[in-house]
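Student: below are the sequence and a predicted model; questions follow.
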Amino acid sequence: MTAAAADVAVVGGGLVGTSVAYELALAGLSVALVDAAHPGRASDAGAGIASPETFPEPDEDWFAFGLDAARHLRRLVARLEEHGPRLGSETFAECGSLVLALAEHEDPWFMEIRERAMARSRGVVEVSPDEACAMFPPLAPHWRALYNPAGARVDGRHLCRAMRTVAVELGVHLVSMEAVGVERHGDRVTAVCGPEERVPCGAVVLAAGAWSTRAAGWLDASLPVSPTKGQIVHVTVPGTVDSGAGGAGSDRWPIVQPVLNFYLVPWPGGRVACGGTFEADAGFDVRPTAGGMRDLLRECVAIAPGLAGATYLETRVGLRPTSVDDRPLLGPLPGTSNVHVCTGHGANGLLLGPYSAALVATGILGPSPTAPAAYAAARFEPR
């Protein structure tokens with residue numbers, strides 16, 4: 001069976017692929033979004049920390065890329081709401097973030113982040129442990145704390161669902177199938193193929209997350225992306241009242257990022273996510289494991305003893321698409337004339353993915369004097 005022809009076929013229906021489809025449809029192109037809906041898609045499980053102001057890496061270009069991505073994320077949420085979906089704090093909120101040294105021996109790591117963050121961002125300040133505990137009441141006593149008021153959280157499931165709704169309204173055609181190959185003539189791909197269906201197209205975007213390497217194999221190309229399994233435990237604190245109901249509830253609690261430990265991400269309704277494990281050798285295994293939950297819950301309660309009485313909700317498992325240098329792979333795929341790549345975001349996909357998608361869409365639409373320089377940076381090119 002042959003689907004309707006599209007200007008662009010986007011392979012991968014997670015947040016990154018959906019963002020590419022949305023951006024291209026906004027520009028007036030016909031788009032087919034080919035989605036296999038693999039279990040373990042990273043955007044369905046990620047914690048969604050958006051706090052580039054406290055990036056620990058010294059790389060200034062990477063820091064600038066993160067800031068641009070955070071600004072784009074805020075604009076995107078506002079733009080989606082103009083189309084109708086009311087996203088609310090369950091999807092995105094600027095809740096602030098805390099970087100913690102839990103004990104004195106962690107001071108060297110804390111000080112390195114502190115000096116870098118405070119030099120880069122005027123709003124980042126050190127606060128006392130008592131102030132940090134007032135912001136996040138379940139916290140344990142700790143050594144030092146750094147506060148970033150611009151830190152934000154994003155729910156990948158909610159954001160992707162809202163963007164997909166708007167994308168369909170803009171004319172994006174959803175194709176529910178697993179892409180297993182392509183048709184090509186010379187260096188051009190002319191269709192994306194599934195087991196029983198083909199999608200004729202003028203160009204292709206590979207945005208298949210941890211499955212991107214398989215997709216590149218159809219073109220005899222190298223795309224060094226591998227899955228890094230992450231397990232995240234979600235709990236809920238009974239009786240927690242959100243701030244809208246008259247209290248300073250969990251919707252106002254900041255993200256907690258210990259320098260040497262798992263993070264905590266609070267959400268409305270008393271929900272807190274604790275994550276995430278980094279399991280580089282697990283392949284495509286998406287099972288929650290007893291060992292993973294043991295480690296997460298143990299550290300969750302050590303960081304925040306006030307969560308000891310919380311109710312266990314679920315464990316989410318995602319496969320982060322990790323590149324060799326932990327930087328995204330964006331742009332034209334070498335050896336082809338109409339295939340583009342948008343993958344390799346590792347643990348930062350919910351922050352960086354929508355911005356990367358906008359950059360790739362800009363590249364497909366053609367050279368522009370306003371196109372961000374990051375798109376042309378060699379460090380982000382597939383190779």
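Tutor: That came through, no problem. The model shown is predicted, which means the values in this text are computed figures rather than measured ones. Numbers count the residues shown, from 1 in each chain.
Student: tell me the strands beside the host helix or strand of Leu330, with direction?
Tutor: Element membership for Leu330 (DSSP states H and E) is strand 329-332. Strand 329-332 has the following strand partners under DSSP bridges: strand 339-343 (antiparallel).
Student: show the subsequent helix or strand relative to the partner strand.
Tutor: Next element after strand 339-343 (DSSP H and E): helix 349-365.
Student: show me what counts as buried in that following helix.
Tutor: 349-364 (16 or more other C-beta atoms under 10 Å). For every residue, glycine as well, the C-beta is placed using N, CA and C.
Student: quick one: it to strand 339-343, angle?
Tutor: If you take axes from the mean of the first three to the mean of the last three C-alpha atoms, to 10 degrees, helix 349-365 sits at 160 degrees to strand 339-343.
Student: give the rounded mean pLDDT of helix 349-365.
Tutor: Across helix 349-365, pLDDT averages out at 94.
Student: so which elements touch it?
Tutor: Applying 3 or more C-beta pairs under 8 Å, 6 or more residues apart in numbering; DSSP states H and E, we find helix 349-365 packed against helix 15-26, strand 49-50, helix 60-82, helix 156-169, strand 198-206, strand 329-332, strand 339-343.
Student: which strands border the helix or strand following the third one, and is each parallel or antiparallel?
Tutor: The helix or strand immediately downstream of helix 60-82 is strand 92-93, counting by DSSP H and E. Take DSSP bridges as the rule and strand 92-93 pairs in its sheet with strand 152-154 (antiparallel).
Student: so which residues make contact with the strand it pairs with?
Tutor: Contact with strand 152-154 is made by 47-51, 70, 73-74, 91-95, 255, 265-267, 350-351, as judged by C-beta atoms under 8 Å, 6 or more residues apart in numbering.
Student: which secondary structure elements does the helix or strand bottoming out on mean pLDDT in the chain contact?
Tutor: Ranked by mean pLDDT, DSSP states H and E, the weakest helix or strand in the chain is helix 212-217, scoring a mean of 88. Contact analysis of helix 212-217 by 3+ C-beta pairs under 8 Å, 6+ apart lists strand 198-206, strand 225-236, strand 339-343 as its packing neighbours.
Student: which of those strands is buried the deepest?
Tutor: Counting by mean count of other C-beta atoms under 10 Å, strand 339-343 has the highest mean neighbour count of the helices and strands packed on helix 212-217, with a mean of 28.
Student: can you dump the C-alpha coordinates of that strand into PDB?
Tutor: This file holds the C-alpha atoms of strand 339-343, laid out as PDB (Å, rounded to 0.1, in the frame of the first residue of the first chain):
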ATOM      1  CA  VAL A 339      18.400  12.900   4.100                       C
ATOM      2  CA  HIS A 340      18.800  14.900   7.300                       C
ATOM      3  CA  VAL A 341      19.500  13.800  10.900                       C
ATOM      4  CA  CYS A 342      18.200  15.000  14.300                       C
ATOM      5  CA  THR A 343      19.300  12.700  17.100                       C
END
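Student: any low-confidence regions in this protein?
Tutor: Along the chain, the parts satisfying pLDDT under 70 run over 241-248, 367-383.
Student: on that earlier part again, from the buried residues of helix 349-365, pick the one nearest Ala6.
Tutor: Among the buried residues of helix 349-365, Ile364 lies closest to Ala6 (C-beta to C-beta), at 12.3 Å.
Student: that closest one: what's it in contact with?
Tutor: By C-beta under 8 Å, 6+ apart, the neighbours of Ile364 are Val8, Leu24, Leu29, Ala203, Val205, His340.
Student: so the fourth one makes contact with Thr336?
Tutor: No - the criterion here is C-beta atoms under 8 Å, and Ala203 misses it with Thr336 at 9.6 Å.
Student: so what's in contact with the two at the same time?
Tutor: Residues touching both Ala203 and Thr336 by C-beta under 8 Å, 6+ apart: Val189.
Student: hang on, the earlier thing: turn the contacts of Ile364 into JSON lines, including distance to Leu319.
Tutor: Below are the contacts of Ile364 laid out as JSON lines (distance: C-beta to C-beta, whole Å):
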{"residue": "Val8", "distance to Leu319": "25"}
{"residue": "Leu24", "distance to Leu319": "25"}
{"residue": "Leu29", "distance to Leu319": "29"}
{"residue": "Ala203", "distance to Leu319": "26"}
{"residue": "Val205", "distance to Leu319": "19"}
{"residue": "His340", "distance to Leu319": "22"}
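Student: from these, which two are the most distant?
Tutor: Greatest spatial distance among these (C-beta to C-beta): Leu29 and His340, at 12.7 Å.
Student: just to revisit the earlier point, from the buried residues of helix 349-365, which single one is nearest Met135?
Tutor: Distance to Met135, by C-beta to C-beta, is smallest for Leu351 among the buried residues of helix 349-365, at 21.4 Å.
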